[in-house]
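Engineer: predicted structure and sequence below. I'll ask about it afterward.
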Amino acid sequence: MHFRIVIGSALGLLAFLLAGVGACAATVMVLSDSAGVYLIDTNTGAVVQSYGSLFTGSSAQNLGQDTNGNLYVSNTSGQLLKSTLNPNAPTSATAYAASAVVAAIPGVGGTLARMSFDPTTKYCVGGCLVTMSNATTVLWLDPATAAVVKSLTLTGPGVSTNGDIVVEPTAANDETLYVVATHNLYTINATTGAVTGPVTLGGPTGSLTGAALLPNGHIVACEQKGSGTPWTLWEYTTAGASVGSHAGIATGSDVVNDLASIPATFAVAKNGTSAAGPNDSMAYSVALKNTGYFAAPTASIVDPVPNTVVISPTTLPSCAVAGGIGSCSITSAAGAQTVIATVSNLSAGATATLSIVGTPSASSGSAVNTATGSVPYDPSEYGGETLTSNSVTTTFTGSEMSKLVANITEGIGPGTSIIGKPIDVLEYTLTFTNKRGFPLRSFTISDPVPVNTAYVPASATCVTTPVPLTCVPAQAGGTVTYTYTGGSLPINGTVTVKFRVTIQ
C-alpha cells in the first residue's frame, strides 16, 4: 500500500534569522608631508587615490574626517582648516577642495597634538573633532566654528605628545579614546579622563605617528620610516594585539603625519528561511543600505543561491528601494543560480533589497547562503570594496509518517502487513508527526484507496486533532483526504487518522 502527505505552503509561519551587518569599506585617509592627502585600502595597503596637496602652506598636522566626508587639520598657528568633500566631483582626484581656515581655536595659539572625529552626539549635535592641547588635556571642537565645547583633564600615566588619538563610539552619546604614541597604546575614559596603559605595540621599529579606527573595531597605525622611505601600516586590536601589517606604502615624500578614520557608508545584511521541507516556499533577502550622507551613483548586490534551492519559476527575483530614492533592477541572466541586482543613485539612508523565493530540492542536510554588496571606487564614496553579508543557514527537514493496517473481520493486527481474504474489512491508521523547524498550517494528508479494495462509506475519521486545528475527512476519486485548517500543528505535534476498505 502507498500513502502520501501533501503539505501546503507555510511561508507565513517560517522562522527568519535576524541578519547581521556586513563589513564596511576598509579604507583610511592619510596625511603625508603636512599637505598631501591619500586614500589607503587597509586590506591591501594599496594607495587608492591621491587628492593632491590640499593643505599646502599651512604647516598642517593632525588629520580628522567627519561623517560628511569633510577633512580637517590644525596648523602651527592654532587654526582649524577644512577641505570640503564634493560628492558630485567629476573625478575622484577632484573630490576635495583646497583647504580654507574655519577659525582660530580659542586659547590654543599653537600646534595641537593629534586629531580625530567623535561621531557621537555627546558634545556636538553633528559630532565633534577631538584633539589635545598638551599631554594631559583633551579638547572637543565644534567643526563649524572651532569653538572648544569640552575640555578633559587626564589622570594616570602620562601620555606623550607625539602620535595620534582615536575615538571609538560605544553608544549614541558615549565613547572611549585611544592614543597611539611611539610604540605605546593608551586607553582613556572619555568621561573621567582616567588613563590606563601603556600597552607596548609589537612590530614597528620606527615611531607610530598616526592612527585610525576601522569598521571592525581595530586600530591601524602608520610607522614613520623617514623621508624617501615607504612606510608601513600596522593593525592592532584595542587591547594592543597585533593583527597584521602592510609594508612599502609610498605616499608623497613618505613623511606620514596622521591617519583619519573613514565613516562607514554602506552595510549589507541577509535574511532567510531557517527551516524548510519538500514543497515549502522559502525566501531570501539581501539588503544594501546607504548609511552615508550622500547618494551613491552605483552599487550591486550578488546572491549565489545554494544549488539545493530551486528558484521559483513563478515568483521571479525582484529588487526594490525603500527609505529613500534610487533604482534597483535584476541584471543576471534568467534562470541563473547566482542572482545579481544593479543599484543606481541610492540616496542617503535608503535601502535596496533583493528578494528571492525558492523551494528546497533536498529533504535533509542544510544550505548556507552568503551574499555580497559591491561598491566601486567613486568620488561620492570613500573607497570601493565587496561587503560580505552574514550567512543564513536553512535546515532541510522532513516529517514522519507511519501507517498500520488491521484486519477487523479476522481480528488481526494492527501491523505493517496482514493477511486477508475477500469481503474482509481492513482498517488503515495513519499517524503524522511534524518534524519541521516551524508549525504547519493548512495542510492535508491523503492516501489512495488500495487496488482490489472498496472504500467503506463514511469510514474516514480524524482520531486525534490538537486544538485549535480542525480536520475534515473526505473521499473522492479513489483517494481519502484529511484537510486541516483553523490553526497550526506545532513542532513535534502529531495527528492520527483512519479509514476502512473491503477486500474485493
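Structural biologist: The structure has been received and is ready for your questions.

Engineer: when you work out contacts or count neighbours from here on, use the C-alpha atoms and nothing else.
Structural biologist: OK.

Engineer: ramachandran coordinates for Ser92?
Structural biologist: With angles defined as degrees, to the nearest 10, Ser92 sits at phi -60, psi -40.

Engineer: how much space is there between it and Ser344?
Structural biologist: Ser92 is 18 Å from Ser344, where distance means CA to CA, to the nearest Å.

Engineer: okay, these two: which has more neighbours?
Structural biologist: Ser92 (21 against 17; other CA atoms under 10 Å).

Engineer: who are the contact partners of the residue nearest to Gly486 when sequence neighbours are not counted?
Structural biologist: Counting by CA to CA, 6 or more residues apart in numbering, Gly486 lies nearest to Leu469, which is 5.1 Å off, once chain neighbours are set aside. Contacts for Leu469 (CA atoms under 8 Å, 6 or more residues apart in numbering) come out as 484-489.

Engineer: same question for Thr42.
Structural biologist: 26-28, 233, 246.

Engineer: can you report phi and psi for the closest residue to Ser32 other than its chain neighbours?
Structural biologist: Leaving aside its sequence neighbours, Ser32 sits nearest to Val256 (CA to CA, 6+ apart; 4.4 Å). With angles defined as degrees, to the nearest 10, Val256 sits at phi -90, psi 120.

Engineer: mind checking how far Val256 is from Ile412?
Structural biologist: Val256 is 92 Å from Ile412, by CA to CA.

Engineer: same check on Asn452?
Structural biologist: Asn452 sits at a distance of 19 Å from Ile412 (criterion: CA to CA).

Engineer: between these two, who's got more neighbours?
Structural biologist: Set Asn452 next to Ile412 and count neighbours by other CA under 10 Å: Ile412 wins out with 15 against 10.

Engineer: skipping adjacent residues, who's closest to that one in space?
Structural biologist: Per CA to CA, 6+ apart, closest to Ile412 is Ala406, 5.7 Å.

Engineer: how many neighbours does the one you found have?
Structural biologist: 22.

Engineer: so which of the contacts of Thr42 is the closest to Pro313?
Structural biologist: Ala26 (38.2 Å; CA to CA).

Engineer: hmm, back to that, could you pull up phi and psi at the residue nearest to Gly486?
Structural biologist: phi -60, psi 150.

Engineer: what confidence value was assigned to the nearest residue to Ser318 once chain neighbours are set aside?
Structural biologist: In this structure, Ser318 finds its nearest non-sequential neighbour in Ser355, 5.3 Å apart by CA to CA, 6+ apart. What the model reports for Ser355 is a pLDDT of 95.

Engineer: next: Pro87.
Structural biologist: So, for Pro87, pLDDT stands at 68.

Engineer: what's the burial count for Ile325?
Structural biologist: 16.

Engineer: one more: Asn216?
Structural biologist: Asn216 has 12 nearby residues by other CA under 10 Å.

Engineer: distance of it relative to Ala241?
Structural biologist: Counting by CA to CA - Asn216 and Ala241 are separated by 14 Å.

Engineer: what stretches of the stretch 351-500 of the chain score poorly on pLDDT?
Structural biologist: 374-387, 437 (pLDDT under 70).

Engineer: strands of that one, start to end?
Structural biologist: Secondary structure of the stretch 351-500 of the chain (DSSP state E, counting those that start in this stretch): strands at 351-360, 366-375, 385-396, 400-407, 412-415, 425-433, 444-448, 453-455, 461-464, 470-476, 479-485, 494-503.

Engineer: how many residues are close by the closest residue to Thr479 other than its chain neighbours?
Structural biologist: In space, and not counting its chain neighbours, Thr479 is closest to Pro448: 4.1 Å by CA to CA, 6+ apart. When neighbours are defined as other CA under 10 Å, Pro448 has 17 of them.

Engineer: gap between Pro448 and Phe499?
Structural biologist: 11 Å.

Engineer: ok, Ser459 next?
Structural biologist: 5 Å.

Engineer: equivalent analysis for Ala26, please.
Structural biologist: 66 Å.

Engineer: likewise Pro466?
Structural biologist: 19 Å.

Engineer: close enough to count as contact, Pro230 and Ala250?
Structural biologist: Yes: Pro230 is within contact range of Ala250, at 4.7 Å (criterion: CA atoms under 8 Å).

Engineer: tell me the secondary structure for Ala93?
Structural biologist: Under DSSP: H, G, I helix; E, B strand; the rest coil, the three-state class of Ala93 is helix.

Engineer: model confidence score at the residue nearest to it when sequence neighbours are not counted, please.
Structural biologist: Leaving out its chain neighbours, the residue that sits closest to Ala93 by CA to CA, 6+ apart is Tyr51, at 5.0 Å. Reported pLDDT at Tyr51 in the predicted model: 89.

Engineer: let me see the contact set for Ser391.
Structural biologist: Ser391 neighbours (CA under 8 Å, 6+ apart): 270, 368-371.
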